[in-house]
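**Student:** Next input, structure requested:
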Amino acid sequence: MSRYIITGGIPLKGEVHLRGAKNAAFKQIIASLLTDKPCLINNLPQISDTKITEGIASSLGAKFEAQGKHSLKIQTKTIKNSVVPFGTGQQSRTSFMFAAPLLLRCQQATIPFPGGDRLGVRPLDRLFDAYAQMNIKTEVKKNCIFFSSSKITPTTYTFPKPSHTVTEVLIMTSCLVPGLTTLNNAALEPEIDDLILFLNKMGAKIKRHHQDPKKIIIHGVKKLKGVEHSVISDRNEAVTFACAALATKGSIQIMGIKPQYLTAFLNVVENMGAKVERGQEELTISWAKALKPCQIETEPEPGFMTDWQAVFSVLLTQSTGVSSIIEKIFPYRFHHLGHLEKMGARFKLFNPIVKNKKNYYCFDPQSDDPSYFHGVKIYGPCHLKSANLSVTDLRSGASLTLAALIAEGQSIIDGVEFIERGYEDLAQRLVSLGANIKYVKSKNKKACQK
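**Tutor:** Reported below is the predicted structural model:
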């Protein structure tokens, strides 16, 4: 088990360059399997989530050739089998996305139930409903999902609630189906638009309706060609570094991000008192005065992202007053708060009074549980103290790293492999901003230290 040893209390200052977006990169690896031609993906982050995806793709017949540290040539001339392996398949929450290329090239797919972070059950009912309309048969047996179709048909599907990953699976599945497929009330994330751009470069015909961007129109084509494409930058990294700057009373210039992708976040922190300077593809975020409290709700794009919630809650421990977060995307995503409490954070979990929960929350009712809380009040400012902690998921790990950067004294964070699922060289990049972090790898015991 790898660990960070962090001595906190140092304002972070300097410049940081973002890596490619996790939530775009591994999906484009999957999309490359839609063609037998070579695809070159640039700005690919070196994180375990992309490595897991590469492992699954390799088992299905993909061949990889590195073109530098962050570029990868992929070619899948033939699909060797239609079964996603259980080992690597269960490590990923989105292994079901391989259903698209497998169905289109093999007419069938066997997928293990998705694993990943502890965010509650992630129902696939919207995918199953849409696939049924496309003449794709779904069978759920034990720990597997079996998809099959001798002839996939186009359809018009309306999402009852937007779903980021299901939107992407349906886009990939439809792009090679003759005829017109229309997705209504589809998700709006820029990572989806990056996938659409990737596929259109391959010869697909996909567009958002100019008057209703939630409507995606796909004209099926006969085949796709190879492509060269650069993955967009990671918005979650940008928010992590921004929160680190504000929480440590520092100033960081974040390079390689379009500020409009962070509008919901930047509007909130500006209202709290942060100084934000926007460029075309960079921004500078600085602590200027005591931060005011705020009230947010996580929502689908263009709202405040659920992936920002954990690191943002750490920032709220340093604001003055009572802030609140309501989590509307997942039934429970407050696992990190127990660790923050050990470090001195003060908060109170609650459930909002809601007339119509089904319409208010974005998760399916069957995912909920009476023991879950959907809101938290955070009291600040808190004097965080150092602690020895063990992380069990990606966003919780990032939030505890930020908390340790604030706390006085030395903290130890074990299990940072979870952080490496979504952040490349996080410790080294924080060190370049002035942080005091010793990074101890479990195997070779190498360290990165200021």
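**Student:** For residue 383, give its distance to residue 410.
**Tutor:** Separation of residue 383 from residue 410 (CB to CB, to the nearest Å) stands at 16 Å. In this view, the C-beta of every residue, glycine as well, is placed from N, C-alpha and C.
**Student:** what about residue 338, neighbour count?
**Tutor:** Neighbours of residue 338 under the rule other CB atoms under 10 Å: 11.
**Student:** quick one: contacts for it?
**Tutor:** Shown in contact with residue 338 (CB atoms under 8 Å, 6 or more residues apart in numbering): no residues.
**Student:** what's the distance between residue 67 and residue 54?
**Tutor:** Residue 67 is 14 Å from residue 54, by CB to CB.
**Student:** Ok, residue 62 next?
**Tutor:** Taking CB to CB, one finds residue 62 at 8 Å from residue 54.
**Student:** and these two? which has more neighbours close in?
**Tutor:** Higher neighbour count among residue 62 and residue 54: residue 62, with 24 against 18, using other CB under 10 Å.
**Student:** confidence score at that one?
**Tutor:** pLDDT, residue 62: 98.
**Student:** number of nearby residues for residue 209?
**Tutor:** 13.
**Student:** which one is it nearest to, not counting chain neighbours?
**Tutor:** Distances taken as CB to CB, 6 or more residues apart in numbering put residue 215 closest to residue 209, at 3.9 Å, once the chain neighbours are dropped.
**Student:** if we can go back for a sec, more neighbours, residue 383 and residue 410?
**Tutor:** Neighbour totals were compared for residue 383 and residue 410, and residue 410 leads with 15 against 12 (other CB under 10 Å).
**Student:** which sections of the stretch 101-250 of the chain are below the confidence cut-off?
**Tutor:** The stretch 101-250 of the chain contains residues with pLDDT under 70 at 114-123.
**Student:** All the strands of it, residue numbers only.
**Tutor:** 108-112, 137-141, 144-148, 156-158, 180-184, 205-208, 216-219, 227-230 (DSSP state E, counting those that start in this stretch).
**Student:** Now render those strands as TSV, adding distance to residue 391 and mean neighbour count.
**Tutor:** Output for the strands of the stretch 101-250 of the chain, formatted as TSV (distance: least, CB to CB, whole Å; neighbours: other CB atoms under 10 Å):
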stretch	distance to residue 391	mean neighbour count
strand 108-112	24	21
strand 137-141	31	12
strand 144-148	29	19
strand 156-158	38	16
strand 180-184	36	19
strand 205-208	37	17
strand 216-219	36	20
strand 227-230	31	18
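**Student:** out of those, nearest to residue 46?
**Tutor:** Among the strands of the stretch 101-250 of the chain, strand 227-230 comes nearest to residue 46, with 15.1 Å by CB to CB.
**Student:** Note down every partner strand of the closest one and its orientation.
**Tutor:** Looking at strand 227-230 with DSSP bridges, its partner strands are strand 39-42 (parallel).
**Student:** who touches the very next helix or strand once past the partner strand?
**Tutor:** Next helix or strand after strand 39-42 toward the C-terminus (DSSP states H and E): helix 48-60. Identification of contacts with helix 48-60 by CB under 8 Å, 6+ apart yields 22, 25-26, 29-30, 32-33, 44, 62, 64, 72, 74, 76, 79-82, 84-85, 88-89, 91-92, 95, 98, 102, 417, 420-422.
**Student:** Only the C-alpha atoms, please, for helix 48-60, written as CSV.
**Tutor:** In CSV, the C-alpha atoms belonging to helix 48-60 read as follows (Å, rounded to 0.1, in the frame of the first residue of the first chain):
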residue,chain,number,x,y,z
SER,A,48,-4.9,3.4,-13.3
ASP,A,49,-8.4,3.8,-14.8
THR,A,50,-6.9,4.1,-18.3
LYS,A,51,-4.6,1.2,-17.6
ILE,A,52,-7.6,-1.0,-16.5
THR,A,53,-9.4,0.0,-19.7
GLU,A,54,-6.3,-0.8,-21.8
GLY,A,55,-6.1,-4.2,-20.0
ILE,A,56,-9.7,-5.0,-20.9
ALA,A,57,-9.3,-3.8,-24.5
SER,A,58,-6.1,-5.9,-24.9
SER,A,59,-7.9,-9.0,-23.7
LEU,A,60,-10.5,-8.4,-26.5
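**Student:** That helix relative to strand 108-112, how many degrees between them?
**Tutor:** Comparing the axes of helix 48-60 and strand 108-112 via axes from the mean of the first three to the mean of the last three CA atoms, to 10 degrees yields an angle of 140 degrees.
**Student:** returning to that earlier point: tell me the buried residues within the contacts of helix 48-60.
**Tutor:** Neighbour-count burial (16 or more other CB atoms under 10 Å) is assigned, among the contacts of helix 48-60, to 22, 25-26, 29-30, 32-33, 44, 62, 72, 74, 76, 79, 82, 84-85, 88-89, 91-92, 95, 98, 102, 417, 420-422.
**Student:** Sort out for me which of these are in strands.
**Tutor:** 72, 74 (DSSP state E).
**Student:** Any idea how many residues pack against the closest residue to residue 268 other than its chain neighbours?
**Tutor:** Excluding the flanking residues, the one nearest residue 268 by CB to CB, 6+ apart is residue 294, at 5.7 Å. By the criterion of other CB under 10 Å, residue 294 has 19 neighbours.
**Student:** where along the protein do the helices fall?
**Tutor:** Applying DSSP state H to the chain gives helices spanning 22-31, 48-60, 86-91, 99-106, 125-133, 164-174, 190-201, 235-247, 263-272, 309-316, 337-342, 357-360, 394-406, 426-432.
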